[in-house]
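In: the sequence and its predicted three-dimensional model are supplied below.
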Amino acid sequence: MATMSDAPSESFRLSMLLNDKRYRAYTFQFIALLLLIGFFSYLGVNLVRNLQAAGLNISFGFLGDPAGYDINQRLIEYSKDSTHWRASVVGVLNTLLVAVVGCFFATIIGVVVGVLRLSNNWIVSRLMSVYVEIFRNVPVLIWILIIMAIFIAVLPQPRDFRGANAEASMFLDLFAFTGRGFYMPKPYFAAEWAAGATGWLIVIALLILGFIGSRMIAGNATKIQEATGNRPTTWYWTLGIWFGPLIIAFFVMGLSWDVPALKGFNFQGGIYARNSFIALTFALSIYTAAFIAENVRAGILSVSKGQSEAAASLGLRPNRIMNLVILPQALRVIIPPLISHFLNLTKNSSLAIAVGYMDLTGTLGGITLNQTGRAIESVLLLMAFYLTISLSISAIMNVYNKSISLKER
Amino acid sequence: MKKSVLLGTLTVAGLAAGAAAAGTLDDVKARGVLNCGVTTGLVGFAAPDANGEWQGFDVAVCRAVAAAVLGDGNAVEFVPTTGKTRFTALASGEIDMLARNTTWTFSRDVDLKFEFTGVNYYDGQGFMVPADLGVSSALELDGATVCIQTGTTTELNLADYFAANGMSYEPVPIETNAEAQPLYLEGACDVYTTDRSGLLATRAAFENPGDHVVLPEIVSKEPLGPLVRHGDNDWGDIVRWTLNALITAEEVGVTSENLDTIAGETKNAEIKRLLGTEGTLGEMLGLDAEWAKRAIAVGGNYGEIFDANIGPDTAIGAERGYNAQWVDGGLLYSPPFR
């Protein structure tokens, strides 16, 4: 029986790889890994051999060639003489734009609907259930197409604004809502030294200063409150530090508005939000919002009823109960699935081509792929991009999740 | 693991591409059906009729090849492809040949590794606008919103044309012809541009075709023709010479009606070689002697196919123009059957 106590110091034998519980798990994992590597290298070698047989090779050189096609929505400088790489970057930015705006609206709509669905008002809660069930149970592609079709059919086209007895007219002579999109006045700075990006950088700097300033005022007020018990009135100070410098800056830099006007076939000037962008963003937002609403509802229901009753017995009003007691606890349940809804929205944005929105799938995965025939390379880049974006979103959201999750010590 | 999934996906695509590299003729014979890529629906060129039967100018080429190879013009599986999916479908072996008004260009022929087997329609890119817009020339289109089918040569020609004339435009990329129609009709775009044949076909499907005009400018050369994969020359020869047989048949006066009688009566040696009563042309192709006869029997010669699907008497109303025989001043010129 001495062997029993000696067991840990027993020297390693090959048979222990199978017989010893401590090593067996590693053995099997190692074998599985080898098989996996073997399988994928077999596929990889096959791919390379087949491509060689077909006289094709994998090369990313095409990214440096001129693209030759035009893109309607460009957040950066781009023309048909730019490279395929730049066309891809334009697509990336368009994808990110839809994703960010879509996630923003989806969250707002989702939270409101989720809370309202728990409302004591029968009609409101039923209406919200109808909304959730309709949008959750119809594929998002169909929503995108329906919204685009309604958009184009219902709103007047630019040609309807023409002539003395035009069928449509501009809202306040500033906004034009057409089937091709919305045209809005665009602010710009008339002063020469502030033209372009300089003026906007100044505005951003002033906003940051305003934020810091208002935080300092609030901190000071809290200090006085702690010392004397009375909180001084600060709202006019806060207002002043936010908007005072901004208004002066606008005046000095000569803030002006570029109002859209009908010229030729289309409205020219101003900010142009294309129908494809609006339809896509709107469809993705309300579709994803239906899921988020359910999430929010589940989160709120997860907080036990005793909590809100206890808060009520302390004399808190219903909206303070929501803000101070229920939501902080509900967020712990809401955030993790919210991450995957954000990821879904971003990935669903690749349906953009259905309405002619030029996202990354439309430029790199669409026209570039088609004109160059570099399918494998383009798809590889597409996958890399969506992977990077998705991982970044979940990384950011995980940080936020950590900050609100229950602190265990 | 993520990386390996990625590689795996690519590999599956690569495997599929390699599978159909050689022996298309044998594959088709073994299958008993020709897989032919066509458009998703363009009246006159390829669209299902009221009975669900595919009809059209490009469809006729598929049927002729099927008749030549398999002896039955109906032994065709029509695979609808978009401007974007067509080349992948052909390269991966999903289809045996593509007859989808596809422009023969250098890079498609050389870089994409395809083999164009001839031209069945000489076309050029044009513009269509609503008549009440009052536009009479493409040079007046500065600032217009233009609907384009994405993934086509049209897209590049359009960019070149507007840049060359110093005009700006707003491109609206559309996946298929069917999606472009409502956008254009609702006025979401001012102009629809594609090959002129496509414009005529699209206009024919409108409720009031007369309300739309096709502008006179032709901004590009668009020789449209069937194509096959690079590397299987025997199969490429069959498709090429089936098309040439249809063209030659019109040139020498062989029609689907006189097909049975003319072979015996004629003294023209080329007709005899074409119809297999003299020489061994069919054998050289790996087919039987009557291959061309069957191909012509399905839909008639080139002229008959043209008239039945897109000619002046149809809704499309296309004139022969460049697509007349060379003896009539057109560009159709088949190499001799000898």
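Out: Received the coordinates, thanks. The structure displayed is predicted, hence computed values, not measured ones.
In: from now on I want contacts and neighbour counts done on CA atoms only, so please keep to that.
Out: Will do.
In: A:Val90: helix or strand, and which one exactly?
Out: A:Val90 is part of helix A:84-117, with elements assigned from DSSP states H and E.
In: what residues of stretch A:371-391 count as buried?
Out: When neighbours are counted by 16 or more other CA atoms under 10 Å in any protein chain shown, the buried residues of stretch A:371-391 are found to be A:371-379, A:381-382, A:386, A:389-390.
In: who's the nearest residue in space to A:Met170 that is not next to it in sequence bridged to?
Out: Nearest residue to A:Met170 in three dimensions, chain neighbours excluded: A:Ala176, at 4.8 Å (CA to CA, 6 or more residues apart in numbering or on different chains). Using DSSP bridges, the bridge partners assigned to A:Ala176 are A:Tyr183.
In: tell me the pLDDT of B:Ala30.
Out: At B:Ala30, the model reports a pLDDT of 93.
In: show residues contacting the helix or strand encompassing it.
Out: Element membership of B:Ala30, judged by DSSP H and E, is helix B:24-31. The set of residues that contact helix B:24-31 without belonging to it, under CA atoms under 8 Å, 6 or more residues apart in numbering or on different chains, is B:34, B:69-70, B:96, B:232, B:234-235.
In: where are the low-confidence patches of the stretch 1-150 of chain A?
Out: Across the stretch 1-150 of chain A, the stretches falling below the confidence threshold (pLDDT under 70) are A:1-10, A:54-56.
In: 80 instead?
Out: In the predicted model, the stretch 1-150 of chain A carries pLDDT under 80 at residues A:1-14, A:16-18, A:22, A:50-58.
In: so what's the spatially most central residue of chain B up against?
Out: Per CA atoms, centre = their mean, the C-alpha nearest to the average position across chain B is that of B:Asn101, at 3.1 Å. With contact set as CA under 8 Å, 6+ apart, B:Asn101 has these partners: B:39, B:45, B:58, B:121, B:224-226.
In: what residues of the helix holding A:Val90 count as buried?
Out: By neighbour count, and taking 16+ other CA under 10 Å as the criterion, the buried residues in helix A:84-117 are A:84-99, A:102-103, A:105-107, A:109-117.
In: what residues of stretch A:188-204 count as buried?
Out: With burial defined by 16+ other CA under 10 Å, the residues of stretch A:188-204 counted as buried are A:188-190, A:194, A:199, A:202-203.
In: adding distance to A:Asn348 and secondary structure, write those out as TSV.
Out: Putting the buried residues of stretch A:188-204 into TSV (distance: CA to CA, whole Å; DSSP: H, G, I helix; E, B strand; the rest coil) gives the following:
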residue	distance to A:Asn348	secondary structure
A:Tyr188	34	strand
A:Phe189	37	strand
A:Ala190	40	coil
A:Ala194	39	helix
A:Gly199	36	helix
A:Ile202	36	helix
A:Val203	34	helix
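In: name the nearest of those relative to chain B.
Out: Minimum separation from chain B among the buried residues of stretch A:188-204 (CA to the nearest CA) is found for A:Tyr188, which lies at 22.7 Å.
In: next, the contact list for that closest one, please.
Out: In this structure, A:Tyr188 makes contact with A:195-196, A:255-258, judged by CA under 8 Å, 6+ apart.
In: let's see the pLDDT reported for whichever residue of the stretch 101-250 of chain A sits closest to chain B.
Out: Using CA to the nearest CA, the point where the stretch 101-250 of chain A gets nearest to chain B is A:Arg180, with a distance of 5.5 Å. Listed pLDDT for A:Arg180 reads 84.
In: now do the one 3 residues further on
Out: Looking at A:Tyr183, its pLDDT is 87.
In: do the one 5 residues further on as well
Out: Per-residue pLDDT puts A:Tyr188 at 80.
In: kindly report the same for the one 10 residues further on.
Out: pLDDT recorded at A:Thr198 is 79.
In: A:Asn46: which of the contacts of A:Tyr188 is nearest?
Out: A:Gly196 (53.6 Å; CA to CA).
In: is A:Met184 in contact with A:Ala176, as I believe?
Out: Yes: look at A:Met184 against A:Ala176 with CA atoms under 8 Å: they come within range, at 6.8 Å.
In: residue numbers of the stretch 51-200 of chain A in contact with chain B?
Out: Within reach of chain B by CA under 8 Å from any CA of the partner chain, the stretch 51-200 of chain A has these residues: A:51, A:53-55, A:68-72, A:80, A:152-153, A:157, A:179-180.
In: tell me how many other residues crowd residue 46.
Out: Here I'm looking at chain A. The tally of other residues near A:Asn46 (other CA atoms under 10 Å in any protein chain shown) stands at 17.
In: chain B is the one I meant
Out: Here the count is done by other CA under 10 Å, and B:Ala46 has 25 residues near it.
In: let me know the pLDDT of it.
Out: Confidence per residue is given as pLDDT, and for B:Ala46 that number is 92.
In: swap in the one 3 residues further on?
Out: Per-residue pLDDT puts B:Asp49 at 89.
In: ok, back up a step: which among the residues of the stretch 51-200 of chain A next to chain B end up buried?
Out: A:51, A:54, A:68-72, A:80, A:152-153, A:157, A:179-180.
In: tell me which entries of those residues lie within helices.
Out: Using DSSP state H, the subset of those located in helices is A:51, A:152-153.
In: nearest to A:Ala290, of these?
Out: Nearest to A:Ala290 among those is A:Ile152, at 24.4 Å by CA to CA.
In: you'd agree that closest one is up against A:Pro158?
Out: No: with contact defined as CA under 8 Å, A:Ile152 does not count as touching A:Pro158 (11.4 Å).
In: need the overlap of contacts for the two.
Out: Both A:Ile152 and A:Pro158 are contacted by A:179-180, under the criterion CA under 8 Å, 6+ apart.
In: so the closest residue to A:Phe277 other than its chain neighbours: helix, strand or coil?
Out: Take A:Phe277 and drop its neighbours on the chain: the residue closest to it by CA to CA, 6+ apart is A:Tyr357, 6.3 Å away. What DSSP: H, G, I helix; E, B strand; the rest coil gives for A:Tyr357 is coil.
In: kindly report the same for the one 10 residues further on.
Out: Put simply, A:Ile367 is helix when judged by three-state DSSP.
In: try B:Asn35
Out: Under the three-state scheme (three-state DSSP), B:Asn35 adopts strand.
In: tell me the contacts of it?
Out: If a contact means CA under 8 Å, 6+ apart, then B:Asn35 has B:76-79, B:94-97 as its contacts.
In: need those in TSV (columns: pLDDT, neighbour count and distance to chain A).
Out: Rendered in TSV, the data for these read as follows (pLDDT from 0 to 100; neighbours: other CA atoms under 10 Å in any protein chain shown; distance: CA to the nearest CA, whole Å):
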residue	pLDDT	neighbour count	distance to chain A
B:Val76	94	22	26
B:Glu77	94	16	24
B:Phe78	94	23	22
B:Val79	94	16	19
B:Glu94	91	17	16
B:Ile95	94	24	16
B:Asp96	94	23	16
B:Met97	94	28	17
